[in-house]
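**Student:** Compute the structure for the input listed below.
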Amino acid sequence: MRFIFIISFFLLSISMAKAQSDTSFYLSKTIDGDINDFTVDNTGNIYLLIKNNQLKKLSSNGDSIGVYNAVSTYGDIYYMDVSNPLKVLLYYKDFATIVEVDRLLNTLNIVDLRKLNILQAKAVGLAYDNNIWVYDELDAKLKRIGDDGTLIDQTTDFRQLFDSVPDPSVIIDQSGFVYLYDSTKGVYAFDHYGSLKSKVSLLGWRDFNVIDKSLIGRKDDVFYKYQLGKLDIQQQPLPPEYLNATKIIITPIAVYVLKKNKLQVYSHR
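**Tutor:** All right, here's what the predicted structure looks like:
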C-alpha cells in the first residue's frame, strides 16, 4: 500500500502544473543556507550537506538531530544513501572510502575499498541485505561488499555483456532488483544474483529514483515516470514552483526542491 500511495502522490504532485491555483500543496518550510546537496529518508528526516562539507540531519519538523563534522579525513562527501536511516552510507569518492553512520550521525563503520583494489568507483548503494553495492569501473563489475570489507559477490565483467560499458552514477536496490543508472545509456536492472533483467534507454534524466518498480526522474522542465514492462512513459510539465531547481526529491508526504541557498518543502494538505 505504501508504494501505491507514493505513486499516487507523484501523479498528483505533477498535476500542479495544470493549475497554479491548486491548493493541494503549499510551501510549508524553507531552509536557508549554503546547501550543496540534500536527501530525505523514508521517515521524513532531511540530510543537508553544507558547503563546508558539514552534514546536518533535521527532523521532518526542522529540528536538529545530529551533525557529522569529520570533514577533513576523507575529503568531500560524494554521495549519501539514506535508504536505511539506521545505517546511512557516506561515500568519499576521492579516497574510495565509505563511512557508515547511525541515526545520530555517529560513525558505525568504515569500509576502505582500496583494500579490495577498488580504486575507481562512481556509484555505491545499500544492498537488500544491508551490505553495500559498488560498481568497480576498472573491473567493469557490480560488486557486493560486506561491512568487514570483504567481497561477497560480483557480476560478470560488463565488457563481456555490453558493446558499450555503462558508467552508472546511481545504484538503487529496490523491490528485488538492483538499478544502475547512466544518463547517457539508460537504466540497467539486475536481479540480486547479477543477471540482467532489463535495459531501458531513459536518457538525460536528473534526480533518478525508483519507487517500487516505477522509474521516475526529470529532464528539462518535464517529470517522467516509467514502469518496467510497459510500453509508454508518463510525463507532465514541471510545476512553476519547481523551476530552476538543482535537485528535486518526491516522498509520500512532500516534495523537496533545492534552489540556490535554500531548500523548499511543499507539503500535501
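**Student:** tell me the mean pLDDT for stretch 161-178?
**Tutor:** Averaged across stretch 161-178, the pLDDT comes to 94.
**Student:** Could you tell me how far that stretch lies from the centre of the chain?
**Tutor:** 13 Å (Cα atoms, centre = their mean, to the nearest Å).
**Student:** Just the endpoints, please. Distance across it?
**Tutor:** The straight-line separation of the ends of stretch 161-178 (Cα to Cα, to the nearest Å) is 16 Å.
**Student:** Then stretch 162-182?
**Tutor:** OK, stretch 162-182 end separation, Cα to Cα: 13 Å.
**Student:** Return the set of buried residues in that stretch.
**Tutor:** Neighbour-count burial for stretch 162-182, counted by 16 or more other Cβ atoms under 10 Å, picks out 166, 168, 170-174, 177-182. Every C-beta, even on glycine, is put in place using the N, C-alpha and C of the backbone.
**Student:** any chance of the residues you listed in JSON lines, with distance to G194 and secondary structure too?
**Tutor:** Converted to JSON lines, those look like this (distance: Cβ to Cβ, whole Å; DSSP: H, G, I helix; E, B strand; the rest coil):
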{"residue": "P166", "distance to G194": "14", "secondary structure": "coil"}
{"residue": "P168", "distance to G194": "14", "secondary structure": "coil"}
{"residue": "V170", "distance to G194": "18", "secondary structure": "strand"}
{"residue": "I171", "distance to G194": "13", "secondary structure": "strand"}
{"residue": "I172", "distance to G194": "16", "secondary structure": "strand"}
{"residue": "D173", "distance to G194": "12", "secondary structure": "strand"}
{"residue": "Q174", "distance to G194": "16", "secondary structure": "strand"}
{"residue": "F177", "distance to G194": "11", "secondary structure": "strand"}
{"residue": "V178", "distance to G194": "8", "secondary structure": "strand"}
{"residue": "Y179", "distance to G194": "13", "secondary structure": "strand"}
{"residue": "L180", "distance to G194": "11", "secondary structure": "strand"}
{"residue": "Y181", "distance to G194": "17", "secondary structure": "strand"}
{"residue": "D182", "distance to G194": "17", "secondary structure": "strand"}
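**Student:** So which of these is the closest to R114?
**Tutor:** I171 (19.0 Å; Cβ to Cβ).
**Student:** Quick check: K197 touching Y179?
**Tutor:** No: counting by Cβ atoms under 8 Å, K197 stays clear of Y179, with 10.0 Å between them.
**Student:** Quick check: neighbours shared by these two?
**Tutor:** 189-190 (Cβ atoms under 8 Å, 6 or more residues apart in numbering).
**Student:** In the protein, mark out all the helices, start to finish.
**Tutor:** 2-14 (DSSP state H).
**Student:** so where's it shaky on pLDDT?
**Tutor:** For the chain, the stretches flagged by pLDDT under 70 are 1-23, 71-72.
**Student:** make it 90
**Tutor:** By pLDDT under 90, the low-scoring segments of the chain are 1-26, 51-53, 69-75, 211-214, 228-232, 250-254, 268-269.
**Student:** Now render the buried residues of stretch 162-182 as JSON lines, adding distance to N261.
**Tutor:** Listed next are the buried residues of stretch 162-182 as JSON lines, based on distance: Cβ to Cβ, whole Å:
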{"residue": "P166", "distance to N261": "34"}
{"residue": "P168", "distance to N261": "30"}
{"residue": "V170", "distance to N261": "25"}
{"residue": "I171", "distance to N261": "30"}
{"residue": "I172", "distance to N261": "29"}
{"residue": "D173", "distance to N261": "33"}
{"residue": "Q174", "distance to N261": "32"}
{"residue": "F177", "distance to N261": "37"}
{"residue": "V178", "distance to N261": "35"}
{"residue": "Y179", "distance to N261": "32"}
{"residue": "L180", "distance to N261": "32"}
{"residue": "Y181", "distance to N261": "28"}
{"residue": "D182", "distance to N261": "30"}
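**Student:** Nearest to V99 among the residues you listed?
**Tutor:** Distances from V99 to these, taken by Cβ to Cβ, are shortest for I171, at 17.0 Å.
**Student:** Kindly confirm whether my reading is correct that that closest one touches A121.
**Tutor:** No: with contacts counted by Cβ under 8 Å, I171 stays clear of A121, the gap being 9.8 Å.
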